[in-house]
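Trainee: dropping a prediction and its sequence here:
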Amino acid sequence: METTETIYLSKKGIKELKKAVTQLERDRHKTIVELHEQDKTDNHDERYARIEKLAQLDAIESELDEKRELLIHAKPYPKQSKLESLAVTIGSVVELIDKSGRKYVYTIVNSVEANPSDGRISFKSPLGQNLLGKSLKDTVNWGGGKTELRLINIS
């Protein structure tokens, strides 16, 4: 994934990316050590296991390269001015409420760090697209228009 374009991530997203790179580096080192140990064997089953380990190492290195490239181009979202915080943008934390009073809190993020179960939704997702540009007290239809959510806070 070659890119020269800046990728904006939340501070949490950058931290998680750095953590993933560190873990992949550990996994890579461990796999290389295991491969060196397998070099000392000569039976058929162990050669097959070595081939599997090489494939695993290749996958780790590929993912590691991808995440390192992201990290090189990752920058934290710029701080919003008071005026900008009146409308939802990438990096905004929004609070929504449905008709039954249930509250939802989401952070609008780049697709790279989206994790809906953690409250981080992509600005490219249907809800993310509906929220961009909205301001306080605006309503957003969600779930094919079945659910109406009111925007009660933007930070």
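Mentor: On my side now, so go ahead. Numbers count the residues shown, from 1 in each chain.
Trainee: you'd agree Lys75 is in a strand?
Mentor: Yes - applying DSSP: H, G, I helix; E, B strand; the rest coil, one finds Lys75 inside a strand.
Trainee: can you pull out the strands in this structure?
Mentor: For the chain, applying DSSP state E gives strands covering 7-9, 74-76, 93-98, 103-109, 120-122, 139-142, 147-154.
Trainee: export those strands to TSV and tack on mean pLDDT?
Mentor: Listed next are these as TSV, based on pLDDT from 0 to 100:
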stretch	mean pLDDT
strand 7-9	84
strand 74-76	86
strand 93-98	93
strand 103-109	93
strand 120-122	93
strand 139-142	85
strand 147-154	90
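Trainee: and those: which comes nearest Ala49?
Mentor: Among the strands of the chain, the nearest to Ala49 by C-beta to C-beta is strand 74-76 (36.4 Å). Using the backbone N, CA and C atoms, a C-beta is placed for each residue, glycine as well.
Trainee: walk me through which strands that closest one pairs with, and which way each runs.
Mentor: strand 7-9 (parallel) (DSSP bridges).
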